[in-house]
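Asker: just to be clear, the model below is a prediction. Sequence and coordinates:
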Amino acid sequence: MGKSKANPPKSPFQKGGLQLAPPFTKGGLGGISFYAAITWLILVLFCAASVGLWPFPFTVDQIDAEHFAALPGGAHLLGTDATGRDIVARLLFGARVSLTVGICAPLFGLGVGLLLGMPSGLYRGWTERTIMTLADVILAFPGLVFLLVFTSVLGPSLTTITLGLGLLISPRFVRVARANTIRFSEREFIQAARIGGAGDISIMLREILPNILGPLMAYTLVVAGFVIVAEGGLGFLGLSVPSPTPSWGGMIAAGRDVLEQTPPVAMIPTAVMFLTVLSINVIGDRLRGRYDRA
Amino acid sequence: MGGVGGGCLGRTMKEEKNFNNPLLRIEDLVVEFPASQGRTVHAVSGVSLDIRQNETLGLVGESGCGKSSLARAIMQIPPPTSGKVLIEGVDLTQLHGRKLKEVRGRFQMIFQDPASSLNPSRAVGESIAAPLLSLGGMNKAERRLRTREMMTAVGLNPELHYGRRAHQLSGGQCQRAGIARALITRPQLLVCDEPVSSLDVSVQAQILNLLRDIKESYGLAMLFIAHDLAVVKNICDRVAVMYLGRICEVAPCESLYATPAHPYTRALLDAVPRPDPGYPAPDSGMLPGERPSPLDPPRGCRFRTRCPRAADICSEIRAELRDIAPNHEVACHFPLDVRPENGGFDGR
Amino acid sequence: MTGPDQDLLVVGGLTVQLQTEQGPIRPVDSVSFTLEKGKTLAIVGESGSGKSMLCRAILGLVPARGNIRFDGRDTGKLTGREMNRIRGRDIGVVLQDPLSSLNPVMTISDQIIEPMRIHLGITRREGVERALYLLCSVGIPRPEERLGCYPHQLSGGMRQRVAIAIALACEPKLLIADEPTTALDVTVQAEILTLLARLQMERKMAIILVSHDLGVVAGCANNIAVMYAGRIVEQAPAAELFRRMRMPYTRALFDAIPRIEDPPQRRLPNIPDLPPNFAALPPGCRFAPRCPRAGERCRTEEPALVCDEDRNHRYACWFPV
Amino acid sequence: MRFIWSKITHLLLVVLAVTMLTFVMTDRLPADIAAEIAGHGASAAELAEVRERLGLNRPVLLRYATWIGGVCRGEFGKSLITEQPVSTALRSHLPVTLELLALSQLFALLLALPAGIISAWRSGSPLDRVTGTFAFGCASLPNYALAMGLVFLFALKLKLLPATGYTPLNAGIGANLKGFLLPALSIALVEWVTLMRVLRSDLIATLKEDFILLARCKGLPTWRILLVHALRPSCITFITVLGMQTASLIGGAVIIETVFALPGIGRLLVTAIFAQDFPVIQGGVLLITVSYVCINFLVDLCYAALDPRVRTGVTDG
């Protein structure tokens, strides 16, 4: 590949008036939305973590035979679902599933992405080809088939679902990590580090990682939102954690049967999931904005 | 690091029988890399050069002539395709891994683009100290002390600039930081790859003066790469002119500028702008045609396609470097007369 | 000899004010000058002195206060459409880095023909003919082979020639060249400067040449304006300026140039420190903190641009050289 | 040419790896298809006979080799349950998937292109913020929830469109489109956001380039700068995302197909997995992988068409 000359200095013409503001958040979804998002996430996290610790009038699979698909109010704060189970209880326990998957699967992907993406971006050549072929195989695999088979072979549980989703999304992390590594690996400071006696590992950890971690963290948040939605989708198809463990997706799906009579049964879990994913996206965008500008 | 230096020094003592004992000797260096469609870029094709202790050698040529590739081959990033790079008699191309790392501290480099040669996510001070960390042999306090000392030496304020990021510094300050990082291992050789090309005239003068000062105070030898002959004259003892991967002329500063022998050197000299409105505009007919591609360099003399003096022999036989005056070597079948009245600039 | 109908561009009190995170700044502050038809004005200054912003203000690309009369018309009163017409047809622009200023995904011919089709309304076929002629006149050998090329297939010098051809496409009356040779090799720089001088002779157009190097503009400018921190600090005809530099800043810029006539290893007199930050300008003369001649008055009172005994030489300094 | 060959071998490798992986993985599924087919209370001999007939007792890799051999001859096998040829099953489900895909990507493009261009051009303006906020909302909504919302609004309350069900094309194009409107919209309303955001951020980066400044200096009208000069160099990520979305829609619209009871490829596959109908799973996976690979190849060709620098390979002379 013809090595191009180092870029000449940018014209000072560029600096100045027409600066286009980077991402949405600057100003638009400003401070309030950001802090609201953080507050909501902390609330959900707290509820999910502590739900078993304080006394609660209903358990997740306790059927109230007098109230099937009840509207919010009365004994059941947010009503009951079609089989008469309390929605608040199910929401709180469902949060555990959604958040576990939403946190662990992206972190797993992030780990794999860094582990494979950085070397493939730094070494290029056959290392890169092998890793990228591997990533392509997983990307080409129909995701649902993969998850279905994966969970039926290992037995459907929260762990397998998390692991399955983590495996499914890791090639995307590999790609993002690789692209970002390549962006930096041609910069002169990498050469300077080599001249300073830094080895490959030290270059990856000290020079490249701090630069790509920011964009990758932002991407992790984007994926976290996606994974929560995807887990919900599995729950919607009845393929997520086995019943009676509730999941938000499963609750939305269950609400479909009584959609016409009692819309809240489906709407409430939808709203909770929506708010959670929205919060994650808002924070992710804020983070992305910071790294775009740098 | 001290131990390593001592060991190598002992080795050179043994080789003292070498009458001419250069610090850096490049022998028949070739750098090629693959291009698309199975072609090869001939970046550097057989270059031999010497740099003595405390000497500054200028390397001049247009962009794409292979001077940056040569610099990187000397630094072994990546090692050259073939040829030798000897520092005090030790062939760097034969060293790998740990062995190479042990001698890394003795030759350092500064880059053209000051901003991109500093890690944007690290504090400038940490970037400067990084080689000490990689090469080992110093504790944290010593490193910090040395870093502060180096920052002061290059005109940065350790209190003010240590924690800054690269984008918070000006181009000149970034270049100073790059110089500090290169000097922190106390190298004997400093390779400067167009260190002032992207700087303003005022900052360029600051950096040139700084380089001259540190050369004096640290007893450095330098390879100074540039495309502007006026800049090179300001800092170098000897100058090598490079065209399309080959050296055309090597001479001490005085004789090269007074009596350029290679037509290409002549053209480069004519192109330098004069800060004088009375001076006639440079003759643009000097270098007709386009520079050939390093993918497919001309046979014979590589400059012949643009040379006003080219004859048949130039396309047949490549002219080797030969002495035409003491220390003045030129690779040309028809060198320009080396009489001062034939276009010396000192006579004006 | 001079007169209103000889003047192509008259700029009066031009000020650009921008909002930044550090507060409002004025990268161009009350700049006035006159450019005659067919003449070259060089604007010289360090990076960050506001010279590029001045060009943008003249082109109407940034909001600016002050008067700009171009070819007898007040550009402040023009509509966006009329201003577009002036920008493309009457003023040509060449930028610093030809690789990034040419569109990487459009062919050379498309980029040359585009302004002609938009502003002159000529057909594609005519456009190709004129593009060939233009490429010839900027000294590109075998232009017919280059028409279908993309910018990355050309060398740096060729790219800048193409950029000049694009600027000349509509026969502009004024060419603004913003550091046209800074990204180029010295040899190519000489060629481009010679080319610009030749084109000016042939086409009788005026040129604004922006540079950070007094040496580059010495040979081709009629008038030189030196900018510092958003202001013109000295302006004079080229010969007069080089004969006698009144402002210490100009002198310092001039002395900092390494010269081929100098003995080797000459220590260059340089200007210490950096140009001031626009958000925190020093009181008094903006150059005072870096000026070797600065006195007490320089630090408190800002000198106005005054005329020397020779009417054409203006400078802003309390203690001129 | 070398570029294309290396691409093709890479893609073939991917197809082989994916299908083989499917074989190995489905082989490990816990349930026993033979018992299912032989019926309850079948004797061991009957089970063995079923296994023998279906070839289930042979090693996995051997079965894979046989299957690949068949694929090369154009034979995809027969469904174990319905005994229908797999190719017929795929052919009957494919048009639904394709129509859904085309419509939803069309809607997504219609939303994303103008929104992306305008919000990049006027980035930071109130318009950009409104678009951005709306996009945020859309991106945070699961498409199944969106689908249910649309059904609730348009089918149950307003009674404008059918809630579920598929009307074949030959029953009238109007009715057919009506059935696809809600599913396509539920996909598009989520997918357009990613498209819009990558287009917007790449366009903003392009608009800062020198050549855009030069275009402005040339006095070009704004629409020309945006559409002729800026759009093409900003399309690379956009095309990549579009390709990935399209590829994933071929097999991945299961949920929407389920909500709206559309007989598409995704539903066929899920049913087959539950029934352990190996030949159908294999056929479906093959179809999806090949389409993924082909779309990727097309995307690569698009890169070359969009950016001449990719075509010639060398960046600088």
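Answerer: Looks like it came in fine.

Asker: give me the three-state assignment for the residue in the stretch 101-250 of chain C that chain A sits nearest to.
Answerer: When scored by C-beta to the nearest C-beta, the stretch 101-250 of chain C has C:A183 as its residue closest to chain A, at 3.7 Å. (Each C-beta comes from the backbone N, C-alpha and C, glycine too.) Secondary structure, DSSP: H, G, I helix; E, B strand; the rest coil: C:A183 is coil.

Asker: separation between it and C:A169?
Answerer: 22 Å (C-beta to C-beta, to the nearest Å).

Asker: now do the helices in chain B.
Answerer: Per DSSP state H, chain B has helices spanning B:2-14, B:67-74, B:97-104, B:124-135, B:140-153, B:158-161, B:171-183, B:201-218, B:229-235, B:253-258, B:263-271, B:312-316. These are given in chain order.

Asker: who in chain C is up against chain D?
Answerer: Residues of chain C that fall close to chain D, judged by C-beta under 8 Å from any C-beta of the partner chain: C:59, C:61, C:83-89, C:91, C:93, C:95-97, C:100-106, C:114-115, C:118-119, C:150, C:152-155, C:163, C:166, C:176.

Asker: list the buried residues in the strand or helix carrying A:A49.
Answerer: Using DSSP states H and E, A:A49 maps to helix A:31-50. Neighbour counts over helix A:31-50 (16 or more other C-beta atoms under 10 Å in any protein chain shown) mark A:33-34, A:37, A:40-41, A:44, A:47-48 as buried.

Asker: downstream of it, the next helix or strand is which one?
Answerer: helix A:87-123.

Asker: report the angle between the next helix or strand after that following helix and helix A:87-123.
Answerer: Moving toward the C-terminus from helix A:87-123, the next helix or strand (DSSP H and E) is helix A:125-140. Using axes from the mean of the first three to the mean of the last three C-alpha atoms, to 10 degrees, the direction of helix A:125-140 lies 150 degrees away from that of helix A:87-123.

Asker: who does helix A:125-140 touch, helix- and strand-wise?
Answerer: helix A:87-123, helix A:158-185, helix D:2-27, helix D:278-306 (3 or more C-beta pairs under 8 Å, 6 or more residues apart in numbering or on different chains; DSSP states H and E).

Asker: okay, the angle between the helix or strand following that helix and helix D:2-27?
Answerer: Of the helices and strands lying after helix A:125-140 in sequence (DSSP H and E), the nearest is helix A:143-154. Between helix A:143-154 and helix D:2-27, the angle comes out at 40 degrees (the same axes, to 10 degrees).

Asker: touching helix A:143-154 from outside, list them.
Answerer: A:138, A:160-161, A:163-165, A:167-168, A:234, A:239, D:22, D:25-26, D:28-31, D:248, D:251-252, D:254, D:266, D:269-270, D:273, D:281, D:284-285, D:288 (C-beta atoms under 8 Å, 6 or more residues apart in numbering or on different chains).

Asker: shouldn't D:V15 be in contact with D:N296?
Answerer: No: if you go by C-beta atoms under 8 Å, D:V15 and D:N296 don't touch, sitting 11.2 Å apart.

Asker: end to end, how far does stretch D:143-160 reach?
Answerer: 20 Å (C-alpha to C-alpha, to the nearest Å).

Asker: which residues are in contact with the closest residue to chain B within chain A?
Answerer: Among the residues of chain A, A:G196 lies closest to chain B, at 3.2 Å counting by C-beta to the nearest C-beta. A:G196 sits next to B:104, B:108, B:130-131, B:134-135, B:181, B:185 when contact means C-beta under 8 Å, 6+ apart.

Asker: okay, and for chain C, where does confidence drop off?
Answerer: C:1-4, C:310 (pLDDT under 70).

Asker: what about the helices in it?
Answerer: So, for chain C - with DSSP H - the helices run C:51-58, C:80-85, C:98-101, C:108-115, C:124-137, C:143-146, C:156-168, C:186-203, C:214-218, C:238-243, C:248-255.

Asker: helices or strands up against the longest one?
Answerer: The elements that helix C:186-203 packs onto, with contact taken as 3+ C-beta pairs under 8 Å, 6+ apart, are helix B:263-271, helix C:156-168, strand C:174-178, strand C:206-211.

Asker: columns mean neighbour count and distance to chain A on top of those, output as TSV?
Answerer: Compiled in TSV, the helices and strands packed on helix C:186-203 are given as follows (neighbours: other C-beta atoms under 10 Å in any protein chain shown; distance: least, C-beta to the nearest C-beta, whole Å):
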stretch	mean neighbour count	distance to chain A
helix B:263-271	24	18
helix C:156-168	26	8
strand C:174-178	25	6
strand C:206-211	25	9
